[in-house]
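Asks: sequence first, then the predicted structure:
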There are 2 protein chains.
Amino acid sequence: MNTKRDVNVILQQPLNESESEPDRAPKKSRLEFSSNDGDDKRNGLDQFVAYPIHKVNRLLEPGPILLVATGSIANKTHNIMTMGFHMMIQHEGPTLVGACIGPWDKSYDNLKKTGECVLAIPAVEMLEKAVDIGNCSGEDVNKWVNFGINPVPAPDPASADGSWARKGGEEGRARAPLVGGKNVIANIQCTVEDRALVARYNLWVLKVTGVWINRDMDLEYGQGSRDPADDDDRVGGGKRRKREMKMAHHRGDGRFVIDGKEVDLRDRMVKWKEFQD
Amino acid sequence: MNTKRDVNVILQQPLNESESEPDRAPKKSRLEFSSNDGDDKRNGLDQFVAYPIHKVNRLLEPGPILLVATGSIANKTHNIMTMGFHMMIQHEGPTLVGACIGPWDKSYDNLKKTGECVLAIPAVEMLEKAVDIGNCSGEDVNKWVNFGINPVPAPDPASADGSWARKGGEEGRARAPLVGGKNVIANIQCTVEDRALVARYNLWVLKVTGVWINRDMDLEYGQGSRDPADDDDRVGGGKRRKREMKMAHHRGDGRFVIDGKEVDLRDRMVKWKEFQD
């Protein structure tokens, strides 16, 4: 397996500092992505910090392509797949997400058995790997090993409602792993809330029990409205800035659109101020 | 009402040709969006062309913010709202979409009564208007008039399965209008397929019965992989190119991320070739 892969990507901007190059007119660039997330220094839970569950819509509502981890490390059933069919259903009380996972996926059996999964958001640097993960089956290969991705033993969910504690014991320990690596934007721990539409449409209603976001991510830029002019003080030698982590959105046929610029219209959201805290 | 509004938008690139300005380093730009879609020359169905229903995932899977039209022009119940909670459920047989519309929306009553709606995708030029539409109620104002949006009488859905014809008659004519205007990327006609999860989660399963896309949209770029180097022949005075129409993705709190560059990974999609036709 190659640890570095060349890819043809149409990009005007470098994806991150290590790949930066002088500004120039848009054209086809040949960039290298590191696909060797397994060798990072911080490769476990220490890469992530807990994030409020009721704010998970800030991660999922933009519609990123997702990785889904199911099964359990303990009994070696853990699997990982790629998914584009998902939505926010409810902000809180509880926080609910919808996801389509069908019987053609090995993850379907895992989800059916354990009733839980982790939704991970890959940053663009991990996009090729995410596509490759979606184009082979856990029946044939161990995708974690094959793609050099570290399955992180699930921590106690960053849950406020205590539902996990009530489950408790071994059942709690056999839960789905988080997806490790510096290029993972967030890990969202879920339990199955409602199977009513699984038989008809493979549509699972999931309850979010914990959210973990990448500690290196610049929330004010990657999920916010930092003025790009602020970049100037990088030149001035100030403290190292956190990364802007860009999501990838599947266009349905193997083409992906990457997060571009941000428009801040919070002042026009007069009806929904409760979602701006 | 202002027909032009100034907005603070962080954008590196001009949104379209009429707003182009010299290249420069990223910084806060002050751009003008036309918000007067109602005065366009092509303001009705002639702005749109039929698109294959089974390819609607190419429009919805990236996760754009949507406008939802419900009710009927005939009896003046037509309303329009903004929505970020939606997903693809099934590619075809039939093509299904999930959407959350709750009783706090006037559109909920319309949807309940008529069992149909139109999902429209606004391009970024229409984003401010989309936010404003989402921050007032059809109970208080006629949003179509207030925001200068033309409700287009629904055509026969571009449906291959004939289900509309079978409904027929007046019931068919009282259907939800399309959202007119040059800045609307697509209109997706839907009927309610399943209400099983409406009571519990306000989650509607919708069947797509027709898709209409903006005839000015450059599908190969706005939904494809045109090489930006091709832009050069605009200078050479060739025929006028179609527009790249960018979607906006809601970050959940009034901030939006706009479509950036595209990554074409179709050659790695070895398992899902049927979705690349």
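Replies: Yep, that arrived. Numbering: from 1, shown residues only, chains lettered A, B, ... in the order given.

Asks: contacts and neighbour counts: CA atoms only from here.
Replies: Fine.

Asks: from the chain's centre, how far out does the longest helix seen in chain A sit?
Replies: Longest helix in chain A, counting residues (DSSP state H): helix A:106-114. Averaging C-alpha positions (Cα atoms, centre = their mean, to the nearest Å) puts helix A:106-114 19 Å from its chain's average.

Asks: again, but for stretch A:103-121
Replies: 15 Å.

Asks: so for that stretch, what gets flagged as buried?
Replies: Using 16 or more other Cα atoms under 10 Å in any protein chain shown as the test for burial, stretch A:103-121 gives A:105-112, A:114-121.

Asks: returning to that earlier point: show me what the longest helix of chain A is packed up against.
Replies: strand A:66-70, strand A:79-83 (3 or more Cα pairs under 8 Å, 6 or more residues apart in numbering or on different chains; DSSP states H and E).

Asks: for the stretch 151-277 of chain A, which residue gets nearest to chain B?
Replies: At 3.6 Å from chain B, residue A:260 is the closest residue in the stretch 151-277 of chain A, using Cα to the nearest Cα.

Asks: quick check, that residue in contact with residue B:258.
Replies: Yes: assessed by Cα atoms under 8 Å, residue A:260 is found in contact with residue B:258 at 5.2 Å.

Asks: re the thing from before, I'd like to know which of the buried residues of stretch A:103-121 is nearest to chain B.
Replies: Distances from chain B to these, taken by Cα to the nearest Cα, are shortest for residue A:105, at 12.1 Å.

Asks: and for the closest residue to residue A:132 other than its chain neighbours, the neighbour number?
Replies: Nearest non-adjacent residue to residue A:132, counting by Cα to Cα, 6 or more residues apart in numbering or on different chains: residue B:268, 6.6 Å away. Per other Cα atoms under 10 Å in any protein chain shown, the neighbour tally for residue B:268 reads 16.

Asks: measure stretch A:141-151 end to end?
Replies: 15 Å (Cα to Cα, to the nearest Å).

Asks: one more: stretch A:194-212?
Replies: 23 Å.

Asks: redo the helices and strands packed on helix A:106-114 as a markdown table? Include mean pLDDT, distance to residue B:139 and mean neighbour count.
Replies: As requested, these are exported to a markdown table (pLDDT from 0 to 100; distance: least, Cα to Cα, whole Å; neighbours: other Cα atoms under 10 Å in any protein chain shown):
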| stretch | mean pLDDT | distance to residue B:139 | mean neighbour count |
| --- | --- | --- | --- |
| strand A:66-70 | 98 | 38 | 26 |
| strand A:79-83 | 96 | 38 | 25 |
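
Asks: tell me the phi and psi of the residue of the stretch 151-277 of chain A closest to chain B?
Replies: Backbone torsions of residue A:260, given as degrees, to the nearest 10, read phi -100, psi -140.

Asks: contact partners for it?
Replies: B:257, B:258, B:259, B:260, B:261 (Cα atoms under 8 Å, 6 or more residues apart in numbering or on different chains).

Asks: excluding chain neighbours, what is closest to it?
Replies: residue B:260 (3.6 Å).

Asks: next one: residue A:134
Replies: residue A:82 (4.7 Å).

Asks: surely the one you found and residue A:64 touch.
Replies: No: contact status for residue A:82 versus residue A:64: not in contact, 10.9 Å apart, counting by Cα under 8 Å.

Asks: give me the number of residues near residue A:180?
Replies: Neighbours of residue A:180 (other Cα under 10 Å): 28.

Asks: with residue A:274 instead?
Replies: Count around residue A:274 with other Cα under 10 Å applied: 9.

Asks: quick check, it in a helix?
Replies: Yes: with DSSP: H, G, I helix; E, B strand; the rest coil as the criterion, residue A:274 is part of a helix.

Asks: from residue B:190, how far out is it?
Replies: Distance from residue A:274 to residue B:190, by Cα to Cα: 31 Å.

Asks: likewise for residue A:149?
Replies: Residue A:149 is 40 Å from residue B:190, by Cα to Cα.

Asks: and those two? which has more neighbours close in?
Replies: residue B:190 (24 against 20).

Asks: isn't the more buried one up against residue B:111?
Replies: No: if you go by Cα under 8 Å, residue B:190 and residue B:111 don't touch, sitting 10.4 Å apart.

Asks: rewinding a little: now do the phi/psi pair for the residue nearest to residue A:132.
Replies: Dihedral angles (degrees, to the nearest 10) for residue B:268: phi -90, psi -10.

Asks: measure how far stretch A:250-269 is from the centre of its chain, please.
Replies: With Cα atoms, centre = their mean, you get 16 Å for stretch A:250-269.

Asks: now it: average pLDDT?
Replies: Per-residue pLDDT over stretch A:250-269 has a mean of 94.

Asks: give the buried residues for it.
Replies: A:250-266, A:268-269.

Asks: can you check stretch A:47-64 too?
Replies: A:47-48, A:50-51, A:53-64.

Asks: pull the CA atoms of that stretch into PDB?
Replies: Backbone C-alpha positions of stretch A:47-64 (Å, rounded to 0.1, in the frame of the first residue of the first chain) are rendered in PDB as follows:
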ATOM      1  CA  GLN A  47      -6.900  13.900  19.000                       C
ATOM      2  CA  PHE A  48     -10.400  14.800  19.900                       C
ATOM      3  CA  VAL A  49     -12.300  16.900  22.500                       C
ATOM      4  CA  ALA A  50     -15.900  16.600  23.600                       C
ATOM      5  CA  TYR A  51     -18.400  19.000  21.900                       C
ATOM      6  CA  PRO A  52     -22.000  19.800  22.900                       C
ATOM      7  CA  ILE A  53     -24.400  17.200  21.500                       C
ATOM      8  CA  HIS A  54     -27.100  19.800  20.700                       C
ATOM      9  CA  LYS A  55     -24.700  21.600  18.400                       C
ATOM     10  CA  VAL A  56     -24.200  18.500  16.200                       C
ATOM     11  CA  ASN A  57     -26.300  20.100  13.400                       C
ATOM     12  CA  ARG A  58     -23.300  22.500  12.900                       C
ATOM     13  CA  LEU A  59     -21.400  19.500  11.700                       C
ATOM     14  CA  LEU A  60     -24.000  17.500   9.900                       C
ATOM     15  CA  GLU A  61     -26.500  20.000   8.400                       C
ATOM     16  CA  PRO A  62     -24.000  21.200   5.700                       C
ATOM     17  CA  GLY A  63     -24.200  17.700   4.200                       C
ATOM     18  CA  PRO A  64     -20.700  16.300   4.400                       C
END
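
Asks: any stretches of the stretch 1-150 of chain A with poor pLDDT?
Replies: A:1-41 (pLDDT under 70).

Asks: identify the residue of it closest to chain B, quick one.
Replies: For the stretch 1-150 of chain A, Cα to the nearest Cα, closest residue to chain B: residue A:63, 4.0 Å.

Asks: please look at that residue and residue A:251 and confirm they touch.
Replies: No: counting by Cα under 8 Å, residue A:63 does not reach residue A:251; the two are 10.6 Å apart.

Asks: list residues touching both of these two?
Replies: B:61, B:62.

Asks: which stretches of chain A form strands?
Replies: Assigned by DSSP state E, chain A shows strands spanning A:4-10, A:28-34, A:48-51, A:66-70, A:79-83, A:86-90, A:96-100, A:116-122, A:151-152, A:178-179, A:184-194, A:203-214, A:248-250, A:255-264.

Asks: okay, now the sheet partners of the fifth one, with direction.
Replies: With DSSP bridges as the test, strand A:79-83 is paired with strand A:66-70 (antiparallel).
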